[in-house]
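Novice: how would this look folded up:
(one chain, ligands or ions: 2)
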Amino acid sequence: MAYILPASNRSMRPDRNTYDGKRFVHVKNPYLDTMDEDILYHLDLGTKTHNLPAMFGDVKFVCVGGSPNRMKAFALFMHKELGLAEGGEDIKDICAGTDRYCMFKTGPVLSISHGMGVPSISIMLHELIKLLHHARCCDVTVIRIGTSGGIGIAPGSVVITDTAVDSFFKPQFEQVILDNVVTRSTELDKELAEELFNCSKKILNFPTLIGHTMCTYDFYEGQARLDGALCSFSRESKLDYLKRAYKAGVRNIEMESTVFAAMCGLCGLKAAVVCVTLLDRLDCDQINLSHDVLVEYQQRPQRLISNFIKKKLGLHDQIS
Ligand SMILES: O=P(O)(O)O[C@@H]1C[C@H](O)[C@@H](CO)O1
Ligand SMILES: O=c1cc[nH]c(=O)[nH]1
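Specialist: Numbering: from 1, shown residues only. Ligands and ions are numbered 1, 2, ... in the order given. Modelled structure (predicted):
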């Protein structure tokens, strides 16, 4: 029988993880220490085959997003923005040995694709978090830069998530473990969200807001679309649902934020979700933007995060 464990399940509470003022990444698995080798299968990396501290020990910012091309473009963009002029064109995919995910590193920034949906990002996050732990990284911020459907806001707006919510507008992520349903909190770092919002104000013509993000398990029926292969509800029910979501504080819908917030929170990682909206779901279901507009919209979270990273590194003279 399935039952719900409280969100405050003690062994899973985020611990204080500072040591000498540094925030280390923690894994919460007693078995890991007993393993002779840890193979990060979907990243094609491992503790015996790769010197993870040498490869990744200086990582301070990890940016994740669904599409491999977008995450490569982001790495190339960051390479230029950080003034690391040489070698940008042939930036290499660290995970080239697998076609599950791609990963690029430029200076202290790691850019990784996670595919679509909760199961895909969750596998990547397990291996990423172990990677950061094995590499003894500290003070790492993880940011999801994605696309989403907006509710009641202009397409092209950037939403910085304060809380990720599920399809019932609850700030929780339910993970089935064995035959139990374990409920985990999906709060994100409010200070980081505010800091990102303040950064956005410095960019011209850059509509940005802070709001709740709803995470669903499907793009079509799961997001109340009328244009999937299956649809068993009316236009009125769709609008009623989306309006109730708006009333509950939801400003955009995507497919990864709850598990992302839950896993980063439990492992002591500062985390943010920044997604551009491609359409207003109160107006339509289909994404009919031209290629150029779509590309420009997808660059918006990247521009904001680039400015944030440059500010954190003391390189904040240019605003892109
Ligand atoms: O990071 P991306 O743009 O892939 O995030 C959203 C949520 C789904 O993964 C996908 C659906 O189109 O886009
Ligand atoms: O409507 C949208 C657009 C992008 N991504 C989503 O998950 N939903």
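
Novice: any idea of the mean pLDDT for stretch 133-142?
Specialist: Averaging pLDDT along stretch 133-142 yields 97.

Novice: swap in stretch 155-166?
Specialist: 98.

Novice: surely residue 272 is in a strand?
Specialist: Yes - assessed with DSSP: H, G, I helix; E, B strand; the rest coil, residue 272 lies in a strand.

Novice: tell me what it is bridged to.
Specialist: residue 143 (DSSP bridges).

Novice: which residue does the protein bring closest to ligand 1?
Specialist: The chain approaches ligand 1 most closely through residue 66 (2.0 Å), counting by CB to the nearest ligand atom. (C-beta placed from N, C-alpha, C; glycine too.)

Novice: contacts only, for the residue minimising distance to the centre of the chain.
Specialist: For the chain, the residue nearest the mean C-alpha position is residue 144 (2.4 Å; CA atoms, centre = their mean). Residue 144 makes contact with 63, 64, 65, 114, 256, 257, 260, 271, 272, 273, 274, 275, according to CB atoms under 8 Å, 6 or more residues apart in numbering.

Novice: as TSV, the residues you listed with neighbour count would be great.
Specialist: Compiled in TSV, these are given as follows (neighbours: other CB atoms under 10 Å):
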residue	neighbour count
63	26
64	26
65	27
114	25
256	29
257	31
260	32
271	26
272	25
273	32
274	27
275	28
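
Novice: just the closest of those residues to residue 309, please.
Specialist: Nearest to residue 309, judged by CB to CB, of the contacts of residue 144 is residue 63 at 8.6 Å.

Novice: for that closest one, give the beta-bridge partners.
Specialist: Here residue 63 shows beta-bridge partners residue 111, residue 143, assigned using DSSP bridges.

Novice: isn't it right next to residue 112, touching?
Specialist: Yes - using CB atoms under 8 Å, residue 63 makes contact with residue 112 at a distance of 7.5 Å.

Novice: so what's in contact with the two at the same time?
Specialist: In contact with both residue 63 and residue 112: residue 71, using CB under 8 Å, 6+ apart.

Novice: which residues of this structure fall in helices?
Specialist: Ranges of helices in the chain, per DSSP state H, are 52-56, 68-81, 118-134, 190-201, 235-247, 257-266, 291-312.

Novice: near ligand 2, which residues of the stretch 201-320 of the chain?
Specialist: 219, 223, 253, 254, 255, 278 (CB under 6 Å from any ligand atom).

Novice: give me the subset of the residues you listed touching ligand 1.
Specialist: Among those, ligand 1 is touched by 219, 254, 255 when using CB under 6 Å from any ligand atom.

Novice: can I get the helices of the chain in CSV including distance to ligand 1?
Specialist: What follows is those, written out as CSV (distance: least, CB to the nearest ligand atom, whole Å):
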stretch, distance to ligand 1
helix 52-56, 22
helix 68-81, 7
helix 118-134, 8
helix 190-201, 17
helix 235-247, 16
helix 257-266, 9
helix 291-312, 8
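
Novice: so which of these is the most packed in?
Specialist: helix 257-266 (a mean of 26; mean count of other CB atoms under 10 Å).

Novice: which other helices and strands does that helix contact?
Specialist: Applying 3 or more CB pairs under 8 Å, 6 or more residues apart in numbering; DSSP states H and E, we find helix 257-266 packed against helix 118-134, strand 141-150, strand 158-165, strand 172-177, strand 180-185, strand 208-215, strand 270-280.

Novice: okay, the angle between the third one and helix 291-312?
Specialist: Using axes from the mean of the first three to the mean of the last three CA atoms, to 10 degrees, the inter-axis angle of strand 158-165 relative to helix 291-312 is 80 degrees.

Novice: any residue of strand 158-165 touching ligand 1?
Specialist: No - Strand 158-165 does not reach ligand 1 (CB under 6 Å from any ligand atom); its nearest approach is 12.1 Å.

Novice: between that strand and strand 141-150, how many degrees?
Specialist: 100 degrees.

Novice: before we move on, back to that, just the ones of the residues of the stretch 201-320 of the chain next to ligand 2 in strands?
Specialist: 253, 254, 278 (DSSP state E).

Novice: whichever residue of the stretch 51-200 of the chain sits closest to ligand 2 - how many residues pack around it?
Specialist: Closest to ligand 2 within the stretch 51-200 of the chain is residue 149: 2.5 Å, counting by CB to the nearest ligand atom. Burial of residue 149 is recorded as 25 neighbouring residues (other CB atoms under 10 Å).
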